[in-house]
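# output the structure for:
(one chain, ligands or ions: 1)
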Amino acid sequence: MNDVDVRRIVASHPDPEGRLLSVLEAIQQRWRYLPEEVLRDVAQELQIPLSRVYGVATFYAAFSLEPRGKHLISVCHGTACHVKGAGQFTERLEKALGIREGETTEDGLFTLEAVRCLGCCSLSPVIRIDGTTYGRVRPEQIPEIVAQWRGGKGDD
Ligand code: FES
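Below you'll find the model as predicted:
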């Protein structure tokens, strides 16, 4: 991480309208989370209080203050998915990845999270990996899906 990257990101978002949000989105994309030292640099570059930066960073669920893996696996635990056994998917994924929900694999490849409704309840049960949605997924498909992403799916 270096402040040159932060300066470049800030400079590429000159529009004052929604500037902080855009800068934080770019930082999240660059580092996959919002590192504390980078948020300090952002406050300095934008000449705003650090508390304001944290206010926005903690308001939106899309931002993470903890390091995230290259691929984010979201298991839906909304009502429709829950009644169709969403808990099993979390268990299977925890086993396949060797981590617990909310954690990131040691190799930095995957972060596993639980979410409330991915907005496609008719496809329940649903998991999403980055932008790919798996609907009507069956627990026995989990190892194969993980293997595909380990093998480079989503890298192109
Ligand atoms: S409850 Fe799972 S997609 Fe809505």
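# what lies in contact with the helix-or-strand element of the chain with minimal mean pLDDT?
When each helix and strand of the chain is scored by mean pLDDT, DSSP states H and E, helix 3-11 comes last, with a mean of 88. The contact list for helix 3-11 (C-beta atoms under 8 Å, 6 or more residues apart in numbering) reads 23, 26-27, 30, 38, 41-42, 45-46. Every residue, glycine included, has its C-beta placed from N, CA and C.
# by pLDDT, give me the weakest of the residues you listed.
Checking pLDDT across the contacts of helix 3-11, the minimum falls on residue 30 at 88.
# in the helix or strand harbouring that one, what's buried?
Secondary structure from DSSP states H and E places residue 30 in helix 19-31. Of the residues in helix 19-31, 20, 22-28, 30 count as buried by neighbour count, 16 or more other C-beta atoms under 10 Å.
# farthest-separated two in those residues?
20 and 30 (15.5 Å; C-beta to C-beta).
# host element of residue 90?
helix 86-97.
# tell me the helix or strand right after that helix.
Taking DSSP H and E, what comes next after helix 86-97 is strand 110-115.
# contact partners of that next one?
68-78, 90, 93-94, 97, 99-105, 128, 146, 149.
# so it versus helix 86-97, what angle?
When axes from the mean of the first three to the mean of the last three C-alpha atoms, to 10 degrees is applied, the directions of strand 110-115 and helix 86-97 differ by 170 degrees.
# quick one: contacts for the residue nearest to the spatial centre of the chain?
Central residue of the chain (C-alpha atoms, centre = their mean): residue 72, 4.9 Å from the mean position. Counting by C-beta under 8 Å, 6+ apart, residue 72 touches 110-111, 113, 129-130.
# the helix or strand hosting it vs the ligand: in contact?
Element membership of residue 72, judged by DSSP H and E, is strand 71-76. Yes: counting by C-beta under 6 Å from any ligand atom, the ligand is contacted by strand 71-76 at residue 76.
# residue most distant from the centroid, the chain?
residue 47 (27.5 Å).
# give me the pLDDT value at it.
pLDDT at residue 47 comes out at 94.
# relative to residue 129, how far out is the residue nearest to the centre of the chain?
7 Å (C-beta to C-beta, to the nearest Å).
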